[in-house]
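A.B. asks: below are the sequence and a predicted model; questions follow.
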Amino acid sequence: MKRNFVTIVLIGLGLFSGTVFAQGIHLGVKVGTDIKKLTGKSFSDQFSYGYHLGGQLEIGLGKVIGIQPEVYFSQVNIDTTDKFSQVYQFNKISSVKLQYLNIPILLSIKPNKYVALLVGPQYGILMNKDNTLLQNGKQAFKNGDFSMLAGIQLNISKVRLYGRYGVGLSELNDIDNQDKWKSQTIHLGLGLTF
């Protein structure tokens, strides 16, 4: 029984890997801008700008469907209001610098060879918090941010132009339950595949 199960699994993996390699695997690099907003009473009601850079892997599972895992670094400076300082008694903080390592795993739906619709989850690991916050002995932001992404990617030969919208599903406030902080992000960028 075990031998039959192992044989079936090996045949399945062989067929899957043959399908993947027949459809193609492409490695790529990407760079762009992040336009981010944290919702919550203690933050300015505006978007802040940053950048991202990293890599992606395009795995074709057929002519229309594929998977696009990515890993990229992003940094955004978030503007805060005076209320942030008043509520949490930090010394007149006007901005917070957030650096994340983001790992999205996206489903790619290609209605034609030039357009890909992307949707899927993303997990962001907070790599660095603003020094002002650390000096005050507070860790205001949780170390992880789970989001859902949706967007479009234009494929022109080896060049990728993309735009995505991400909605944070995680509560980011790690101080108290007084304010609810969630992220919204617009990713715009350029990629190159090999």
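C.D. replies: Arrived safely. From a predicted model like this one, the values you see are computed outputs, not experimental measurements.
A.B. asks: please enumerate the helices of this protein.
C.D. replies: Applying DSSP state H to the chain gives helices spanning 2-23, 82-88, 131-135.
A.B. asks: how about the strands in this structure?
C.D. replies: 25-39, 48-60, 65-79, 95-112, 115-128, 144-156, 159-168, 182-193 (DSSP state E).
A.B. asks: quickly run through the sheet partners of the fourth one, with directions.
C.D. replies: Okay, so that is strand 95-112. Strand 95-112 pairs in its sheet with strand 65-79 (antiparallel), strand 115-128 (antiparallel), by DSSP bridges.
A.B. asks: what do you get for the last one?
C.D. replies: In the sheet containing strand 182-193, the strands it pairs with under DSSP bridges are strand 25-39 (antiparallel), strand 159-168 (antiparallel).
A.B. asks: between that strand and strand 144-156, how many degrees?
C.D. replies: Orientation check (axes from the mean of the first three to the mean of the last three Cα atoms, to 10 degrees): strand 182-193 against strand 144-156 gives 40 degrees.
A.B. asks: report the buried residues of strand 182-193.
C.D. replies: For strand 182-193, burial by neighbour count (16 or more other Cβ atoms under 10 Å) applies to 182-183, 185-187, 189, 191, 193. C-betas here are computed from N, CA, C, even on glycine.
A.B. asks: could I get the average pLDDT for it?
C.D. replies: The average pLDDT within strand 182-193 is 91.
A.B. asks: tilt between it and strand 48-60?
C.D. replies: For strand 182-193 against strand 48-60, the angle by the same axes, to 10 degrees is 50 degrees.
A.B. asks: contacts only, for the spatially closest residue to Ser170 that is not a sequence neighbour.
C.D. replies: Spatial nearest neighbour of Ser170, excluding adjacent residues (Cβ to Cβ, 6 or more residues apart in numbering): Phe146 at 4.6 Å. By Cβ atoms under 8 Å, 6 or more residues apart in numbering, the contact set of Phe146 is 121-124, 168-170.
A.B. asks: got the contact list for the closest residue to Met148 other than its chain neighbours?
C.D. replies: In this structure, Met148 finds its nearest non-sequential neighbour in Val167, 5.5 Å apart by Cβ to Cβ, 6+ apart. Applying Cβ under 8 Å, 6+ apart to Val167 gives the contacts 147-148, 182-184.
A.B. asks: Val167 pairs with what?
C.D. replies: Under the criterion DSSP bridges, Val167 forms beta bridges with Met148, Gln184.
A.B. asks: neighbours around the residue nearest to Ile105 when sequence neighbours are not counted, how many?
C.D. replies: Distances taken as Cβ to Cβ, 6+ apart put Pro69 closest to Ile105, at 4.9 Å, once the chain neighbours are dropped. Neighbourhood size, Pro69 [other Cβ atoms under 10 Å]: 14.
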